[in-house]
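1. Provide a 3D model corresponding to the input given below.
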Amino acid sequence: MIVVVGGNRRKAGKTTVICEIIAATRSARWTAVKLTPHVHEKTDHGDTERYLAAGAARASLSDVYSELEGNVIIESNSVLDRLKPDVFVFVDDGGERKASALEHVSNADFIVTGHASEEAIARIQRFLG
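-> Just a heads-up that it's a prediction; the model follows:
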């Protein structure tokens, strides 16, 4: 299964939504990937560390998408140019939308504000069986 979580801009709450999905579906043994063109310094409380703390089996930060096996959850808008996820969750905090958000928001299965919705988690759980 592939889940993509994108958003209207940086700091919209995408990582929080991913962590909530991972925590609600721990048995999926997620591989969580943050795709970003921005430089990130490694910290003890960065996004990949938050994914692992929520229960992801693996987590990575990359500027290039490569296909992965198993259950994968990706934080990115741009990856939608290359793949069609099983579920696309769009996080909209009400702020200005960046260009990559404008391109993809209409394809979202769910639009959430700040937290993963019960409906999104239920759909993901159904896909997982």
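
2. centre of the chain versus the lowest-mean-pLDDT helix or strand in the chain, how much separation?
-> Lowest mean confidence among the helices and strands of the chain (mean pLDDT, DSSP states H and E): helix 99-104, at a mean of 87. Distance of helix 99-104 from its chain centroid, counting by C-alpha atoms, centre = their mean, to the nearest Å, is 15 Å.

3. that one - contacts with which helices or strands?
-> strand 2-7, strand 87-91 (3 or more C-beta pairs under 8 Å, 6 or more residues apart in numbering; DSSP states H and E). Heads up, the C-betas are built off the backbone N, CA and C, glycines and all.

4. can you name the residues in contact with that helix?
-> With C-beta atoms under 8 Å, 6 or more residues apart in numbering as the test, helix 99-104 has contacts from Gly6, Gly7, Asn8, Arg9, Asn77, Ser78, Leu80, Phe88, Phe90.

5. widest-spaced pair of the residues you listed?
-> Arg9 and Phe88 (16.8 Å; C-beta to C-beta).

6. between these two, who's got more neighbours?
-> Taking neighbours as other C-beta atoms under 10 Å, Arg9 and Phe88 compare with Phe88 leading, 23 against 17.

7. beta partners of that one?
-> Applying DSSP bridges to Phe88 yields these beta-bridge partners: Val4.

8. quick check: the gap between it and Asp109.
-> According to C-beta to C-beta, to the nearest Å, Phe88 and Asp109 sit 5 Å apart.
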